[in-house]
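**Student:** Just to be clear, the model below is a prediction. Sequence and coordinates:
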Amino acid sequence: MTTHPQRRQTLAEAFEARFGTPPELWCRAPGRVDLMGSHTDYNLGAVLTLPIGRDTWIAASPNHTRSVRLHSLNLHTDASFDLDTADRNADQPWINYIHGVAEELKAEGLPLVGFDGVIHSTVPLSSGLSSSAALECAAATVFEALGGWHLEPLQKALLCQRAENRFVGVNCGILDQFTSTMGQDGCALLLDCRDLSGQPVAIAHGLSIVICDTRSKRELAGTEYGERRAQCEAGARLLGASALREVTPEQFAAREHELPAMVAKRCRFIIGEHARVYALATALANGDREAIRQLTAASFDGACHLYEIAAPAMHSMMAAMLAAPGVIGARQAGAGFGGCMIALVESASVDDFAAAVRTHYAAATGTEPEIYPVTAAAGAGLI
Ligand code: GLA
C-alpha cells in the first residue's frame with residue numbers, strides 16, 4: 001500500500017489535473033471489520049467492531065455551483081449530480097451513496113455547497129469491510145466542512161444509514177456507519193444497537209487482528225440480506241418481542257418449538273451471537289486464547305449451519321486460517337457470502353501466518369487472497 005504522503009500527492013495531482021487548482025480540504029472515513037456479531041445490528045443486539053486503517057479519502061474544493069462533480073481514482077471514472085434534483089444514477093451507482101447523503105442533509109434543513117472532489121479508497125470494494133459507509137461518512141464530512149455547520153458523530157452515522165436505506169435502497173443496520181464515525185484510535189468498540197452506545201474495548205497486548213480476503217465478491221443488495229432480516233423480524237413477532245435482542249437464550253429455548261424450522265434456526269444464531277459479543281469482548285481484553293478459539297469457532301459454525309451465510313471460498317479460507325502458525329481463532333466478517341474473514345493471531349507470528357494462509361488458500365482455490373493485519377483507526381474527520 002502507498003504511504004500517507006504518496007497518497008496525498010496522488011490525489012492532489014489528480015485533482016489539479018481535473019479541476020485546475022489544488023484541493024482546499026481533505027476528509028477521510030474508515031472501513032470496519034466486525035470481530036463478533038454477524039447480523040446482530042438490525043436485531044438491535046451488540047457488535048464488537050473495529051474501525052480499520054483502510055479508509056476513503058476525498059480531496060475537495062467548493063465550486064460555486066449547485067453541482068457535485070467527482071472523480072473516483074479506484075474506478076477511473078467521473079460522475080456528477082445536481083444538489084437540487086433527486087435523480088438516481090443507474091450508470092454510476094457509486095455516486096448514489098454521496099447523493100443519498102446530500103438528500104438526507106437537505107431533509108435536515110442543512111445548507112449544502114457544490115464541490116469538486118477526487119475520491120480514493122483503500123477499503124476494498126464489495127468485500128465486507130464497509131466501503132459504502134466509508135464513502136458516505138467521508139462525503140458527509142466534506143458537506144459539513146464546506147457548509148459551516150456541525151453534526152455529532154452519532155447523528156452523522158444515523159444520517160448516512162438513512163441515505164443507504166432510502167436512496168441506495170439497502171436495508172442495512174447501523175453497524176457500518178456507526179463504526180466509521182464513532183471509531184477511536186487504538187481500541188475496538190462494543191456497540192449496543194439498542195441504545196446506540198459504544199464502549200471502548202482494549203485488545204490484550206500480543207494479539208493481532210488479521211483480515212483474510214477471499215477475494216470472492218459478494219453483493220449485499222441481493223435478496224439474501226433482506227430475507228435474513230425478514231426471518232429475524234418474523235421470529236421476534238412470533239415470540240412477542242420488539243426485536244430478537246429482547247429474547248434471552250433461556251426464553252428462546254423454552255419457546256423455540258413454536259417457530260417454523262427456518263425462522264428458529266435464524267433466531268438461534270442471532271441470540272447466540274449476541275451473547276458471544278460480550279464474551280469475546282472479555283476474552284480479548286484478557287487475552288484468553290481458549291475462549292477466543294471457542295467463541296470464533298461457534299460463530300462460524302452458526303454462520304454455516306444456522307444463518308447460512310457461508311460460501312465455498314469461506315470454507316477454504318477457514319481451513320487455511322486454522323492450519324496456519326500462530327492462529328488463535330477465526331471467523332466470518334461483514335454480511336458473509338464471500339468477502340473478508342478475520343483471524344486473531346499471535347502478534348509474533350503474523351508474517352508466518354499470512355504466508356501460510358496465502359499458500360494454502362491459493363493452492364486450494366486458484367485465487368490469490370489478500371492477507372493483512374489491521375489496527376483500530378479514528379472515525380471520520382478532516383485530515
Ligand atoms: C452489512 C450491513 C450491516 C450489518 C452487517 C452484518 O455490513 O451493512 O448493517 O448488518 O452486514 O453484520
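**Tutor:** Arrived safely. Residues are numbered from 1 along each chain as shown.

**Student:** and Leu25, how far is that from Asp82?
**Tutor:** Computed as C-beta to C-beta, to the nearest Å, the Leu25 to Asp82 distance reads 22 Å. Heads up, the C-betas are built off the backbone N, CA and C, glycines and all.

**Student:** ok, now Gly338?
**Tutor:** For Gly338, the distance to Asp82 - C-beta to C-beta - is 36 Å.

**Student:** who has more neighbours, those two?
**Tutor:** Remark: of Gly338 and Asp82, Gly338 carries more neighbours, 25 against 14, as counted by other C-beta atoms under 10 Å.

**Student:** Thought Met317 was touching the more buried one, still the case?
**Tutor:** No - Gly338 lies out of contact with Met317 (C-beta atoms under 8 Å); the separation is 9.5 Å.

**Student:** which residues do those two both contact?
**Tutor:** Thr214 (C-beta atoms under 8 Å, 6 or more residues apart in numbering).

**Student:** Poorly predicted segments of the stretch 51-200 of the chain, please.
**Tutor:** For the stretch 51-200 of the chain, no stretch is flagged by pLDDT under 70.

**Student:** what does it put close to the ligand?
**Tutor:** 130, 172-173, 175-176 (C-beta under 6 Å from any ligand atom).

**Student:** now Ser72, nearest residue through space, not along the chain?
**Tutor:** Ile119 (4.9 Å; C-beta to C-beta, 6 or more residues apart in numbering).

**Student:** What's opposite that neighbour in the beta bridge?
**Tutor:** In this entry, Ile119 is beta-bridged to Ile58, Ser72, by DSSP bridges.

**Student:** quick one: secondary structure of Gly117?
**Tutor:** strand (DSSP: H, G, I helix; E, B strand; the rest coil).

**Student:** how about the strands in this structure?
**Tutor:** Applying DSSP state E to the chain gives strands spanning 25-36, 46-62, 67-72, 77-82, 115-121, 188-192, 197-201, 207-213, 327-332, 340-346, 370-374, 381-382.

**Student:** Could you tell me which residues make contact with the nearest residue to Leu75 once chain neighbours are set aside?
**Tutor:** Spatially, and ignoring its direct neighbours in sequence, Leu75 is nearest to Trp94 (6.5 Å; C-beta to C-beta, 6+ apart). Listed by C-beta under 8 Å, 6+ apart, the contact set of Trp94 reads 72, 75, 79, 135.

**Student:** Mind putting the residues of the stretch 51-200 of the chain next to the ligand into JSON lines with neighbour count?
**Tutor:** Output for these, formatted as JSON lines (neighbours: other C-beta atoms under 10 Å):
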{"residue": "Ser130", "neighbour count": "32"}
{"residue": "Cys172", "neighbour count": "21"}
{"residue": "Gly173", "neighbour count": "20"}
{"residue": "Leu175", "neighbour count": "26"}
{"residue": "Asp176", "neighbour count": "30"}
